[in-house]
Structure formats: structure tokens, C-alpha cells
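Colleague: Dropping the sequence and predicted coords here.
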Amino acid sequence: MTPPDFIQRDIPLADLNTFGLPAQAALFAAIKTPAQLASLIAWPEWRDWPRFVLGGGSNLILAGDFPGLMLQVRIAGRELVAEDAAAWRVRAGAGENWHDFVQWTLDRGWPGLENLALIPGTVGAAPVQNIGAYGLEVAERFAHLDAVDLATGKGVTFDRAACHFGYRDSVFKREAAGRYLITAVTFRLPKPWRPLTGYADVAQELETRKIVHPTARDIANAVIAIRSRKLPDPAQMGNAGSFFKNPVINATAWTHLAARHPDLPHYPQPDGTVKLAAGGLIERCGWKGKNLGPVGVYERQALVLVNRGGARGADVLRLAQAIQASVRAEFGVELEPEPVVV
């Protein structure tokens with residue numbers, strides 16, 4: 001049986017990852033409809049190839065060529081599927097650009113996602129990573145998602161509990177990694193809307209703009225301005241956004257660490273653990289603005305690694321490991337990368 005005609009061979013991936021890393025996929029398929037995916041799964045040789053599901057490529061480090069089939073989800077569509085006194089329920093295809101989707105909801109008067117404006121990537125990738133920023137995680141606005149089980153070809157729905165959301169984490173990064181392809185996500189945007197302005201940067205930006213009673217659009221504009229100042233545009237300088245998760249340590253570990261570094265910023269959590277700022281740890285180790293070969297630490301935000309030009313996946317991983325070693329030696333804290341390495 002011949003493969004579906006939309007499968008391509010030996011496709012370069014440099015333009016499909018925001019770090020701009022050179023690599024190629026042995027096979028590549030852009031999935032624009034569930035029917036395409038069904039025809040692909042019906043192809044007998046489908047199971048003989050390693051597979052990877054690609055979204056917007058914004059949370060990805062390509063360590064080298066991919067010897068299997070790379071699927072890029074490009075399923076489109078945006079609609080209001082339900083509304084009642086408690087919430088709007090809004091559905092989007094997994095291939096929709098996340099920021100464009102956020103802007104679209106605000107344009108239609110459905111607030112709730114404004115704190116997550118300008119995060120790169122696709123709608124389908126948002127629950128995988130449980131993206132979050134400025135006091136909000138996508139799990140807090142999540143209703144359910146539709147996916148296809150790549151082992152059986154059957155459709156399945158995941159509610160919030162089934163996703164097992166954690167800090168920048170979900171079931172799709174753990175036990176379900178690689179098994180499902182997300183086709184659509186439905187969000188619950190609660191009524192009445194309440195602004196989330198407790199994050200210091202957002203509050204300061206609104207104060208600078210002399211906005212006392214912000215609308216959702218005001219908050220989105222503030223977040224866009226903050227992110228634009230702090231983070232490089234991937235179109236101008238390759239990067240994967242925040243490269244490391246903010247580490248969370250137990251109370252005993254914090255007591256020992258605070259004895260050596262009493263001025264270290266820290267954020268007590270409801271469960272008794274303590275969250276640390278990864279960017280601050282990296283900066284205190286002297287990495288901010290420093291380069292290691294063709295990659296470096298962004299001079300405006302130590303949490304971001306950037307492609308200075310001509311970088312390969314091995315260069316990025318070498319810098320990441322050097323930073324981890326520095327933080328481990330200075331603070332005894334392990335930094336965990338956010339991006340997926342393929």
C-alpha cells in the first residue's frame with residue numbers, strides 16, 4: 001500500500017522550530033484535518049516509524065536529524081460552543097496560533113486568557129505544557145480536549161482531571177507522551193470576569209500606564225509590552241522562551257539554602273514547599289549576557305537561551321548543562337529544562 005500523498009521525505013526543520021536549529025525529518029506530514037490523520041493511521045507502514053508530534057516548534061530543541069515521521073498539527077477553527085450565566089466555552093483547532101487565538105477571544109468580548117498573551121506556540125501545545133504566565137496557568141481555563149489515540153486510531157476526550165496538570169506539566173509529557181495527537185481544545189472562560197493583576201510586573205506596567213481599573217484588553221496589552229521588553233522575538237533571534245522551570249524545593253532544603261543565601265528571592269507555596277526564580281539563580285552565577293560558542297544567555301532575561309547564529313542542538317545542550325552545573329555547585333539546586341529535546 002502506498003503512503004498517503006501528503007507525506008513528504010527528508011524535510012528540513014530549521015524553519016519549524018523557533019530556535020532555528022538545523023535538522024531534517026526522514027518523513028513529514030502536515031495534518032490539517034482529522035480525516036488526514038485517519039488515512040495516515042490506516043497506512044500499514046505507519047507503525048514501523050518513530051513518531052513525533054510537532055506544534056509551533058516553540059518548546060523544542062532538535063538535537064539532530066529525526067529518523068522517523070514528524071507530524072505537524074495544522075488543524076484550524078475557532079468557535080463559541082456554549083454560553084451560560086457562569087462561563088463562555090470556546091473551542092479552537094489544535095493548529096491555531098495561541099496568541100492569535102487569545103486576541104480573537106478578547107476581540108469578541110470573551111475575557112479570561114489575557115494574562116497568557118504573546119506566548120508562542122499553538123493551541124494544541126498549550127495544555128501539553130500547561131503554559132502559564134503572570135499569575136495564570138492554562139489549566140485554570142481548561143474545559144476539555146479532543147485527541148486521537150495514535151495506537152488505535154480512536155478519538156478520545158480528556159477532561160481537566162485526566163490531563164493531570166502540574167507546573168509546566170501534564171500527562172502528555174509523562175505516561176501519555178507520544179501516544180495522542182490533540183486535535184482541538186475547549187476552554188472555559190468564567191463569568192463574571194475578574195482581572196488578575198497581582199503579579200508585580202503587571203501591576204507596575206498598569207501603574208505606569210495610569211490604568212486603575214483595567215479591562216482584559218488593558219491587561220493583555222500590559223503583558224505584551226512586558227514580554228516584548230524581556231524576551232527576544234524568535235524571528236529576530238532564535239530561542240525557545242524560558243528554558244528552565246522555576247525550581248521548587250522542600251522546606252528543609254530552603255532552610256539550609258537560606259542560611260547561606262539569606263537574600264535569595266523565594267516564594268512560599270501553599271503545600272509548604274518554596275519556589276525559586278531560575279533566572280535569578282542563573283544571573284547570580286554570572287551567566288546573564290554570556291555566550292558559549294554560538295549560543296548564549298539573553299542579556300535582558302537570564303532564563304532565556306538564544307541562538308547567536310549558526311547554533312546546532314548540541315551547542316544548546318552544552319550551554320544548558322554548563323548552567324545547570326553552575327547552579328548546582330553554587331546553590332545545590334537542580335534546574336530542569338522546559339523544552340522537549342528530540
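Modeller: Alright, I've got the coordinates.
Colleague: Check the secondary structure at Glu283 for me.
Modeller: What DSSP: H, G, I helix; E, B strand; the rest coil gives for Glu283 is helix.
Colleague: no no, Val102
Modeller: Look at Val102: counting by three-state DSSP, its state is helix.
Colleague: Might you report the residue contacts of it?
Modeller: 113-114, 116-117, 220 (Cβ atoms under 8 Å, 6 or more residues apart in numbering). C-beta: built from backbone N, CA, C; applies to glycine.
Colleague: Take those and lay them out in CSV including neighbour count, secondary structure and pLDDT.
Modeller: Output for the contacts of Val102, formatted as CSV (neighbours: other Cβ atoms under 10 Å; DSSP: H, G, I helix; E, B strand; the rest coil; pLDDT from 0 to 100):
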residue, neighbour count, secondary structure, pLDDT
Leu113, 26, coil, 98
Glu114, 27, helix, 98
Leu116, 23, helix, 98
Ala117, 24, coil, 98
Ala220, 23, helix, 98
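Colleague: Tell me which residues touch the residue nearest to Ala76 when sequence neighbours are not counted, please.
Modeller: Nearest non-adjacent residue to Ala76, counting by Cβ to Cβ, 6 or more residues apart in numbering: Gly93, 4.6 Å away. By Cβ under 8 Å, 6+ apart, Gly93 lies in contact with 75-78, 123-124, 183-184.
Colleague: Repeat the analysis, applying 6 Å as the threshold.
Modeller: Taking Cβ atoms under 6 Å, 6 or more residues apart in numbering as the criterion, Gly93 is in contact with 75-77, 184.
Colleague: Over to His164?
Modeller: The contact partners of His164, taken as Cβ under 6 Å, 6+ apart, are Val171.
Colleague: next one: Asn115
Modeller: By Cβ under 6 Å, 6+ apart, the residues touching Asn115 are 134-136, 196, 223.
Colleague: Mark which of these are buried, thanks.
Modeller: Neighbour-count burial (16 or more other Cβ atoms under 10 Å) applied to these gives 134, 136, 196, 223.
Colleague: In helices, which of these fall?
Modeller: Within the buried ones among the contacts of Asn115, residues falling in helices by DSSP state H are Val223.
Colleague: Asp159: how many residues sit nearby?
Modeller: 11 (other Cβ atoms under 10 Å).
Colleague: what's the answer for Asp15, then?
Modeller: By other Cβ under 10 Å, 8 other residues sit near Asp15.
Colleague: So what are the sheet partners of the longest strand seen in the chain and their directions?
Modeller: For the chain, the longest strand by residue count, based on DSSP state E, is strand 180-190. With DSSP bridges as the test, strand 180-190 is paired with strand 87-93 (antiparallel), strand 142-149 (antiparallel).
Colleague: which regions of this protein lie under the pLDDT threshold?
Modeller: Scanning the chain for pLDDT under 70 picks out the ranges 1.
Colleague: re the thing from before, what is the nearest of the buried ones among the contacts of Asn115 to Ala35?
Modeller: Taking Cβ to Cβ as the measure, Ala35 lies nearest Leu136 of the buried ones among the contacts of Asn115, at 34.7 Å.
Colleague: Just put the buried ones among the contacts of Asn115 in JSON lines and tack on distance to Ala240.
Modeller: Formatted as JSON lines, the buried ones among the contacts of Asn115 follow (distance: Cβ to Cβ, whole Å):
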{"residue": "Tyr134", "distance to Ala240": "19"}
{"residue": "Leu136", "distance to Ala240": "21"}
{"residue": "Leu196", "distance to Ala240": "25"}
{"residue": "Val223", "distance to Ala240": "19"}
